[in-house]
Structures are given as structure tokens and as C-alpha cells.
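> Fold the stuff below for me.
(4 chains, ligands or ions: 6)
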Amino acid sequence: MSSAAVATTRFTLAAIGATVVENETYFGELDAVVGDGDFGFSLARGFERVLEDLPGYPDESSAALLQAAAMTISSRIGGTSGPIWGTAFLRAATTAKGADNLDPARVVAMLRAAIAGIMTRGKAEVGDKTLLDALVPATDALEVAVAAGESDSQVLLDGFAAALRQAAEKTSELQAMRGRASYSGVRSIGSPDAGAVALAVIAERLAEQWSARPAE
Amino acid sequence: MSSAAVATTRFTLAAIGATVVENETYFGELDAVVGDGDFGFSLARGFERVLEDLPGYPDESSAALLQAAAMTISSRIGGTSGPIWGTAFLRAATTAKGADNLDPARVVAMLRAAIAGIMTRGKAEVGDKTLLDALVPATDALEVAVAAGESDSQVLLDGFAAALRQAAEKTSELQAMRGRASYSGVRSIGSPDAGAVALAVIAERLAEQWSARPAE
Amino acid sequence: MKKFVNDPKDFVAEMLQGLALANPDTLVYVPECNLIHRADAPRADRVSVIQGSGSGHEPAHVLTVGPGMLTAACPGDVFAAPPVDYVIETIRRLASPRGVLLLVNNYTGDRMAFEMAQELAEAEGIEVRTLFVDDDVAVQDSLYTVGRRGVAGNFFVMKAVGAAAEAGASLDELVRIGEKVNAATRTMGVALTACTPPAKGTPLFELGDDEIEFGVGIHGEPGRERRVIASADELVGDLVAAVATDLAVTAGDRFALMINGLGGTPISELYLAYGIAHRLLTNRGAAIARSYVGEYCTSLDMAGLSVTIVRLDHEITELLAAPAEIAVRVF
Amino acid sequence: MKKFVNDPKDFVAEMLQGLALANPDTLVYVPECNLIHRADAPRADRVSVIQGSGSGHEPAHVLTVGPGMLTAACPGDVFAAPPVDYVIETIRRLASPRGVLLLVNNYTGDRMAFEMAQELAEAEGIEVRTLFVDDDVAVQDSLYTVGRRGVAGNFFVMKAVGAAAEAGASLDELVRIGEKVNAATRTMGVALTACTPPAKGTPLFELGDDEIEFGVGIHGEPGRERRVIASADELVGDLVAAVATDLAVTAGDRFALMINGLGGTPISELYLAYGIAHRLLTNRGAAIARSYVGEYCTSLDMAGLSVTIVRLDHEITELLAAPAEIAVRVF
Ligand SMILES: Nc1ncnc2c1ncn2[C@@H]1O[C@H](COP(=O)(O)OP(=O)(O)O)[C@@H](O)[C@H]1O
Ligand SMILES: Nc1ncnc2c1ncn2[C@@H]1O[C@H](COP(=O)(O)OP(=O)(O)O)[C@@H](O)[C@H]1O
Ligand SMILES: [Mg+2]
Ligand SMILES: [Mg+2]
Ligand SMILES: [Mg+2]
Ligand SMILES: [Mg+2]
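Residues are numbered from 1 along each chain as shown, chains lettered A, B, ... in the order given. Ligands and ions are numbered 1, 2, ... in the order given. This next block holds a predicted model:
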């Protein structure tokens, strides 16, 4: 496997981790509106461990790196987010297996696998006002762009982040049907889902830093 | 005994009771500054009962009336104020015994007896920042005025109330040595003693209403 | 934020350290997986009863570990279900040949962690059953597909199952008992103030000086409805009406009645509320055979209370009355 | 004000009604004199142990009535000692040929009411002794001529005297034990928030968002010093230093350690604080032989805690460990 590809995955994990840690308070506040406010704390405790352990993760493939991250996430993050994010990373890792480079089509396949994993784990569907309501439409858009022949990763990532942001904002219109927010009934309408917004923030930061990724 | 004198005592008790009940919140706030805030509540629960029972109190003498009030106060008021005010009224009643009319000299004697009772009961002295620091100097002033030949009860009462007010305000300069306020140490300096201010308020209200007392 | 806390990240660990230091002979604390278990567990002749959930609900559940109640408690961070790994490790350490019973309050995060852990533990050959508690009548709309929440009523499930386990009941028997008690239990709560998680540092939601949250959960999540403060008679009356209607209280029935403080409510107010609830239920012809007033399942420093009723039969009454020795020492 | 209260004037009466309804078999409530007593008291072969004080400190003292602790409690209104008449009536109803012991926290109002009542009861031929509790080291300046206050340490006096009375000890013996325990006990507290008496409706004092009261009493009266909030390590460290210095803790001594919540502090924070205090004392070479964490003597809804230490000898240890059955049911 190309060590450049592994370096990019490492770079990506580091960027995600840093964004989650920096946004601990913000993500917690998003969850506090109609949830219980622990989302930022839970994610941060897991991803600060990912950042800490990242140097020691196996270097042989992107899949191995992602799988190691999935393990850290599962073992350190509690609440709903632990199983959800842990499953997502694990499924993505499995789908990355055997790939020399994570080309755009492969990334779409990894996202699809992550989505399927989240759905199985959380029994949520699109429309239930969860992070799926950002991830599914943004993955759809990414797939369309890739199918249309776009291959510049910066362009694709920018588009993905924009789609996540747009869809995350739109979750404000939804009533929560899953998770703690659902207990507030119609009062959950009017504010966006914490998990959806977190995905948008993470992708936006990654897109901003993408030009600084290791040379391939 | 003159029934006019008894009517005046009745009128005085009613006025005191009404003032205490009206000032429940204010007296409580005074006690809250460095005390525990129950002074207004305690007094009000006792004097509302005095007002209620007053029509049934024995009518034969001022002493009997005052003694009945002392009993109600002792049995209904808790905290420091129950024993202090109960003792004061009881001693005043005893000193009133046998008097046909409560002339100014007699009133001074009753106040002296009340003061002695409070001191025995509470082991407090002048300067300890209690209601004694209003009652003692005001009684001194009253005695001087009576000795100087003043006999108009309105004039005497006005002077008594003014002396109470002045002395009560001056308690701000003292550090509390008795009661809950004493636990705050030097922090008790700067605000007046609740009991002292309450006496001033009661005397002022009585002086205002004095012209409406039953004809003698 | 004004709290007794050092680094908020260490909040749960430092609380558990204190709990272990205060109970050196009876409790064991395993920091690696946030585990508190009886010093004499696991026992080959007893089913191990384990309850997990987020922290912030003390005395639930770390303080209810002991003979006659839980074998172990496996808490997560404040308001967060424990990570799956902690649960698996807990099950492994408490595994008994008679089996392991997991008591889980019905929340998405808790369900996922315990279901995943059960799967893994079974794969390792440990016999595991899971019992979900869902006593909160505030969540009743069928729209809310996640179902009712588990709140203070979980105490009764813990107590009954714990007593039966102590007496040597089988795993099947414990599941039967737990399901029966859960089905006979209803709770509804009201919050007068929001709570402040140490890591957040500010109240979870804003309430006006005269506003309250009706039908609130135990995680500081807002309730079903925001209202204006009313008299104790009215507030407790509405809570009693909600649980009594849902459980179809009828004359002649016998109940346990619990007033549970949410963390910031003085004991005096809880007893005042108890008196109101007791009278309202007996006015309906119900008999109150067991009374519980105090803190059983809290929401950090939230001021508020919940009312729980349990319809009693002979078996439940006996199990509730059985002795228990838990880490809450009052005298 | 957001509280579970109807007319504030009825607050104490309604609380006591609730308490009586929750404990129908064991407690008797006498509304005329705010009295809660054991259903089996007075007994001709036991000294009656009675504690009075203002209300608002629950579970002290109405909830600590029962076998092995108090025979009766005689509370006043919130933060107000009971009227003398209530105390006399209480003594009359609980009079025993073996005598009556009054436990009184050292405050002016309480002293006066109980001393007057004792005088009157003795005139009626009842043998009465009074024991004053004054464990609060926050009041140490000789300027404060009223002396130290009685605060959460009164629990240990009640518990030891209650156990001895239950075992049939004489009035003299109880006085000796009570004085010994009181002399071996020291407490110091800190408040993070002011409390709100129902009748006042607003907090007793104003504290800024980062301000705390150090050396606070249990009546919401301000403490010795206003400070800025600090870490739990620092706050608890200062409290431990104060009590340990005053009681001259030295290596090798054995202690009971209590973390008492003042009413609005979550159990989690109390255990966190317990861990700190335990470590600090053992660092000084002291051994902690008995641990108490929870609410023992509160100040309505005040957030805060106090640290109490009791130097143990064999006799005190035995009395503290003796069984007791009080009206706080946790399971
Ligand atoms: N059933 C579910 N399936 C997928 N995602 C979910 C589900 N429930 C909640 N989420 C996501 O998780 C986020 C909250 O995560 P977290 O705070 O860890 O959960 P909780 O505190 O409720 O256990 C929500 O904003 C939402 O995006
Ligand atoms: N030892 C004492 N002797 C006389 N008066 C006292 C004494 N201590 C306090 N007082 C008076 O009582 C007032 C407070 O009364 P109250 O609130 O009933 O007392 P507490 O709440 O401290 O028992 C004080 O403002 C003071 O005037
Ligand atoms: Mg959450
Ligand atoms: Mg007072
Ligand atoms: Mg959570
Ligand atoms: Mg008082």
C-alpha cells in the first residue's frame, strides 16, 4: 500500500480529532438545547485519546488505521455516540480493506457502509433528526459529483462539506424521533441536530486544511 | 380600674399587633442581612394570634390584658424573640399591676422592668447590638422628659419614637455580640439590628395613630 | 459554575474513589472500567445483577450496590451510557455460572451499549439476560418510537430483583420478577430548575424565575411542557393524576408510593409533597402500604421531584420488604 | 421562589403531616406542639431523649426519631427554636421515671426555650438534664460570647446517646456520653449558594456567581468570610485543615469522618469531597474507622457541605456502630 495514502488517512484522523476536541463546548451546547448536553464531552474524551494513540496506530494500511481508531472510539466514548461513531468507523475500515489508495469512489463506498452501520445500530432512518440527516444527503451529493467525473479531492471535499452544512441546518425543521431529543416532542423543532451539525463542522475544518495534507 | 385606661391598653396592643403583621417581610429582611431571616415571620405569627385573641382577653385591668398578651407571645413565638418579647410583656404586666391608670411614670417603670427581664433572659448588655440598644437609651430619654414635667402623652410618645429611631440607626456602628448576627463577626457592622429597628417602627406607627386612641 | 469539582474530566472517577474509600470493606472499585462491585461477588450460587447508566443520578446506581440489591454498577460519564468496553469487562468480572442479569434504563445509548455487550459476552459463553426499565409516563405519545424512559421507578425493579437474587432465584425467575415490577410501576416528574453538568459548567436549559418543566427526564433533557410555578397541591396533584390514570388506580388496590428528589430539593419539601400524594391516592380509595421519600434517582443539582407508584401484590411486597445493605449509610 | 409549598405558614405542619403519613406504624405526630415521637414512647425503663431546634435542617431532627436514636423531636418554624410552650408540652408527654434528656444546639433562642422549659418541667417533678452541642469551629473567636454553634456534629451526639439510652443507660450516664462525644467532635462548613426560607421567598443573602461563604452556619446566616470559588481540593482542604487543627489530629488517632450536604448539593459531589477529606486525614497519619456521606443536618436548599470529624475511642465506636431504625428509609 502507498505510504502516501496512509499518511493522508493519518492526517484526516488528526484533523477530525482536533476539530472534535476544539469544539467540545460548542457540540455540548448543541446537544443541550433539547438533549442532555453530553455530546461534546463524550466525543472529545474519545477523540483526544485517538490523537494521543494515533502515533502508535499500525502503519500498514488506511484500513488498519481506521480500525484502530474505531477501537479507541468504542472503548472510550459512552452515550449514544460511542456505539454510533464506533460502528461507523469500523464499517468504513472494513470497506477500506485491500484498497491501495482511497480514491473518491472508495470513499463513497466507505461512507455508505458507515451509514448502513449507523442505521442498524441506532434503528434510525432518514427523517428521524439524527446525524444521518446530514450524512445521507451529503453522501448522495458526493456520489453524484464523483459519477460526473470530478476527481479533484479538494473540490469534492468542499462540496461534501457544503452539502453537510446545508442538510444539517435543515434538520431544524424536523421533529426528533430518536435519541434524547425525541422526548421533547414538537419542541425539538426549531433547532438543528447536534450530531448533524458536528459532521458539518468537521468536514468544513478538514476542507480548510486539505491543502496542507501530505504530498501524494 | 378605669375602663378608659384598659381601652387605651387594648388600642395599644392592637396597634403593635397590626404593625408587626404589616411589617413581616420588612422585619424578616432586616434579620436576613446578617441573621437568619425568621424574625418577621416569628413575630407576625405571634402577634396575629394576639390580634385574634385580643377580643377575648380579660377586661379587668391593663395588667391582665398585658399578661394575656405575654402568654400568647410566649406560646406562639419561637426563636430568640419568643422568650425575649414574652418576658418583656410579662414584666411590664407585673409592673402595671394595681395601677389605675398607666401614667407616664408608670410606663417608664414598666419599660425598665421589661429591660431588666430581657437582660436576664438573653444575658445581653447595652452595646451587644440587640433591641436593648434602642430600648435603653429611648427609655432614658423618656424618663428625662417625664422628670422635666412633660405630661402630654402624644409629645412623650413622639419623643420616645424619635429616640428609638435614632438609637436603632446607631446600632449600625456596633458589632453584634449576641444572637445569630454575632457569628458574622465584624461583618455585622454596617447594618442596624433588626430588633432595634422593629421597636422604632412600632413606636412610630403607634405615635401616628395615637390621636385616634379611645377618649380617656 | 459553583460545584465541588476539580477537573470536570475526573468528576466521575473522583466520586467513585470517594465511594470506595468510604466503603473499604464492602465495595471494590475497578477504575479501568468505572466499576463498583460487591467485595464478595461474583458468587457461583447467585445470579449477578448489574445495572449501568450514565452518572449524575446518584444514589442510582453505584450507591445501591450491596447484599439484597445490585451486585455491581457500571456507570458512564455524566448522563452518558458507559462505553461498550466497560460493560463487557464488567460482565466478564461478575460472570457467574447462574448467569448475569443486566438492568438497563430504556435509552438509546444504554440499550446499544448493553445489547452489544450482551452479544459479545454470550459469544464468550456467559449466560446473560437484559431487562429494560421504562416507567416514565411523561413519554406516552406513540410518536416517540424510542418508547418510555426508565426513571426513578428503576429503584423498585432493582430492589425486587436484588432481593430475589439474594435468595437464590434463577435467571429466568429474576427476569419474570423484574418484568412484573416494571409493568406495575409508573413515574412522572417535574423540575423547578435545570441542572448543571460539571463539564458544561452552565445550566442545561434556561428557566424563567417562575417557570418549571413538567414531565422532565433525569438527564436534564427538557420535559414535555413548560409551565408556570403553582402551589405544591397543584403540582403534586398533576403528577399523581398522571401516574394514577396511566396505571388505572382503582379503589381497593395497594401501592408503594415514592417521592423522589431530583437532587436539589430539600427533604422538607419532599415530605410535604409526600403528604399531598398520599392523601390524593387514599382519596381514590387506594391503600399506601409502603412509603419512600428521599433521593433515589437524581439529576445532579436539579430542584424538582418525581412521583412513583407501584401496584403491589403479595410477592412484590415481600421482595420490597426484604432486608438490603447498601452503601448509603444514614446512621 | 420555586418550591413545593402551599401557604408558607403551613410549611412545617404540612411537612410533619407527610412524615407521619409515611411512617404510620412507628411515629406519632402531635400537631398542637409540633411534636414527632416514637409510637412506643415514653417507656418507664428508658430515658427519653429529645432534640429540638428550628425546622429546615431535615433530616435533623424529626427524621432521626426511632429506636437507637431520638425518642422525640420538637421542631420550631423554619430556623426558629420552638416556642417554650411546645417544649414543655413535649417534655410532659415524653416524661419517664428514668428521666428526660434534652439535646440542644447551642444557639440563644434554643438555649432560652429549653432552659425555661427545663425549669418548668422540674417544678412539675420531671427529672430533666440538658446537653448543649457546639461543634462548629467556624465560631472560635472569644469575642463571640455566645460560643460555638451546634451543627452537623449533633448527629454523633444523638447517635451515641440514642444507642446508650436504647441499651438502658441512666440519665447521668447519657450526659457523660453526650458531653464526651461533643468534646470529641468538630465541624466546619462552606456554602456555595444562599438558602431560601419559604416564608421569605428570596435567598437569605446575595452571593455573586463566583462567591462562596466560608465557615457558614446552618441557618443561612452568613459565614465568617466571603471567598471566591476554588477547586474541590482547595475548599475541602481548608475545611479539613480547620477541623483537624482545632481537634489536634495526630498520627495514630482513629476518627469518624462525615461529609454532610447542606441541602442542595448532589450526592456525587459529596462523595468526591469525601475522597479528598479521607486522603488528607490519612496523609496526616489518622485512620478513618467510620465514614458518613450524605445529608445529616441541612439548611433548606443551600448548596454546600460541612466536614465533621470525631475522635473515636472504643466506647464511641461501639455506640456509633449500634443498630438504629430511623424514619429515613432508603430501601
Ligand atoms: N438512534 C440513533 N441513531 C443514530 N444517531 C442517533 C440516534 N439517536 C441519537 N443520535 C445522534 O446522536 C446525537 C446525540 O449523541 P449523544 O449526546 O452521545 O447521545 P445521548 O446523550 O442521547 O446518549 C444526536 O444529536 C443524533 O445525531
Ligand atoms: N441575647 C439576646 N438578648 C436580647 N435580644 C437578643 C439577643 N439575641 C438576639 N436578640 C434580638 O433578637 C433579634 C433576632 O430575633 P430572632 O430572629 O427571633 O432570633 P434568632 O433567629 O437568632 O433566634 C435580634 O435582632 C436582636 O435584637
Ligand atoms: Mg446527549
Ligand atoms: Mg432570626
Ligand atoms: Mg447522554
Ligand atoms: Mg432564628
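
> Only C-alpha atoms from now on, for both contacts and neighbour counts.
Will do.

> mind checking pLDDT for residue 60?
Defaulting to chain A. Note for residue A:60: predicted pLDDT of 92.

> could you do chain C instead?
pLDDT, read off for residue C:60, is 94.

> what sits against the residue in chain C that ligand 1 sits nearest to?
Residue of chain C nearest ligand 1, by Cα to the nearest ligand atom: residue C:109 (4.4 Å). Residues near residue C:109 by Cα atoms under 8 Å, 6 or more residues apart in numbering or on different chains: A:78, A:79, A:80, A:81, A:83, A:179, C:80, C:81.

> Make sure the first one is indeed in a helix.
No: according to DSSP: H, G, I helix; E, B strand; the rest coil, the state of residue A:78 is coil, so it is not within a helix.

> Show me where chain A has its helices.
Secondary structure of chain A by DSSP state H: the helices cover A:3-22, A:24-32, A:39-53, A:62-76, A:81-96, A:104-122, A:132-147, A:153-170, A:194-209.

> follow-up on the earlier one: nearest residue to the residue of chain C closest to ligand 1 other than its sequence neighbours?
residue A:80 (3.7 Å; Cα to Cα, 6 or more residues apart in numbering or on different chains).

> Neighbours of that neighbour, how many?
26 (other Cα atoms under 10 Å in any protein chain shown).

> Would you agree it is in contact with residue C:112?
Yes: counting by Cα atoms under 8 Å, residue C:112 is a contact partner of residue A:80 at 7.3 Å.

> Where does chain A get nearest to ligand 2, which residue?
Closest point on chain A to ligand 2, by Cα to the nearest ligand atom, is residue A:36, at 41.3 Å.

> near ligand 1, which residues of chain A?
Within chain A, the positions adjacent to ligand 1 are A:36, A:38-39, A:79-81, A:118, A:122-124, A:130-131, A:178-180, A:193-196 by Cα under 6 Å from any ligand atom.

> swap the cut-off to 8 Å and go again
Applying Cα under 8 Å from any ligand atom, we find that chain A lies next to ligand 1 at A:28, A:30-31, A:35-40, A:42-43, A:78-82, A:84, A:118-119, A:121-125, A:129-132, A:178-181, A:193-196.

> that older thread, give the contact list for the residue of chain A closest to ligand 2.
Contacts for residue A:36 (Cα under 8 Å, 6+ apart) come out as A:180, C:79, C:204, C:219, C:220, C:221.

> Which among those residues count as buried?
A:180, C:79, C:204, C:219, C:220, C:221 (16 or more other Cα atoms under 10 Å in any protein chain shown).

> Is it correct that the fourth one is in contact with residue C:79?
Yes: with contacts defined as Cα under 8 Å, residue C:219 counts as touching residue C:79 at a distance of 5.8 Å.

> residues touching the nearest residue to residue A:34 once chain neighbours are set aside, list them.
The spatially closest residue to residue A:34, leaving aside those adjacent along the chain, is residue A:181, at 5.0 Å (Cα to Cα, 6+ apart). Counting by Cα under 8 Å, 6+ apart, residue A:181 touches A:34, A:35, A:188, C:221.

> swap the cut-off to 10 Å and go again
A:31-36, A:129-130, A:175, A:187-189, A:193-194, C:221-222 (Cα atoms under 10 Å, 6 or more residues apart in numbering or on different chains).

> Please identify which pair of the residues you listed lies farthest apart.
Maximum pairwise distance among the contacts of residue A:181 (Cα to Cα): 17.9 Å, between A:130 and C:222.

> How confident was the prediction at residue 83?
Since you didn't name a chain, this refers to chain A. With respect to pLDDT, residue A:83 has a value of 95.

> sorry, should have said chain C
96.

> That one contacts residue C:90, correct?
No: Residue C:83 lies out of contact with residue C:90 (Cα atoms under 10 Å); the separation is 11.0 Å.

> out of the two, which sits in the busier spot?
The neighbour count for residue C:83 versus residue C:90, taken as other Cα under 10 Å, is higher for residue C:83 (32 against 24).

> Contacts only, for the residue nearest to that one when sequence neighbours are not counted.
Of all residues not flanking residue C:83 in the chain, residue A:78 sits nearest, at 4.1 Å (Cα to Cα, 6+ apart). Counting by Cα under 10 Å, 6+ apart, residue A:78 touches A:38-39, A:41-43, A:45-46, A:84, C:53-54, C:75-86, C:109-110, C:113.

> Residue ranges of each domain in chain C, please.
Following automatic domain parsing, one finds the domains of chain C at C:8-183, C:185-321.
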